[in-house]
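# Need a 3D model of the following:
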Amino acid sequence: MTKLSGTLPKDYNEDGLGSINADLVEAPHETRVVIALVDCKSITTDIDTGLDQATARILHIEPLKDEDAQDRARELLLEAQERRTGRKALPLVNGATGEVDGTAAAILRKGAGIIADGVTEIRFNK
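Here you go, the predicted model:
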């Protein structure tokens, strides 16, 4: 599994996340859509297994504030996941309405007692 470095490169001086700091503080549980570029910061080799594990580093990250751009980014994310896994991704839940167009995914979520909160955060019904 690839790890993710928790820090930006030292020479990075255009912190795109800083532009949404107040929004993050005001609504910490709300999901934000960002676009990022990554590279490999380091590679760790497990001596026992010989397996290499990469640590990815964020080179540049910018929040998408335009709703159309956010929607397209979500679509691209699902398309990329489907290509990588070969499986159709479950549709995302509309954060405002909580609906998923009456698809099988919505029926499964309701049947499992799971409520989707926002776009990606899921909490279990009590």
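# So for the longest helix along the chain, mean pLDDT?
Criterion DSSP state H: the longest helix present in the chain is helix 67-85. Mean per-residue pLDDT for helix 67-85: 91.
# got it, and stretch 22-31?
Rounded mean pLDDT across stretch 22-31 is 93.
# Check the separation of the first and last residues in it.
By Cα to Cα, to the nearest Å, the extent of stretch 22-31 from end to end equals 14 Å.
# check contacts around the nearest residue to L51 once chain neighbours are set aside.
Nearest residue to L51, sequence neighbours excluded (Cβ to Cβ, 6 or more residues apart in numbering): T45, at 7.2 Å. No exception for glycine: its C-beta is placed from N, CA and C like everyone else's. Taking Cβ atoms under 8 Å, 6 or more residues apart in numbering, we find T45 in contact with 51-53.
# quick one, what contacts I43?
By Cβ under 8 Å, 6+ apart, the neighbours of I43 are 52-55.
# Any chance of a markdown table for those, columns neighbour count?
Shown next, in a markdown table, are the contacts of I43 (neighbours: other Cβ atoms under 10 Å):
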| residue | neighbour count |
| --- | --- |
| D52 | 9 |
| Q53 | 12 |
| A54 | 16 |
| T55 | 14 |
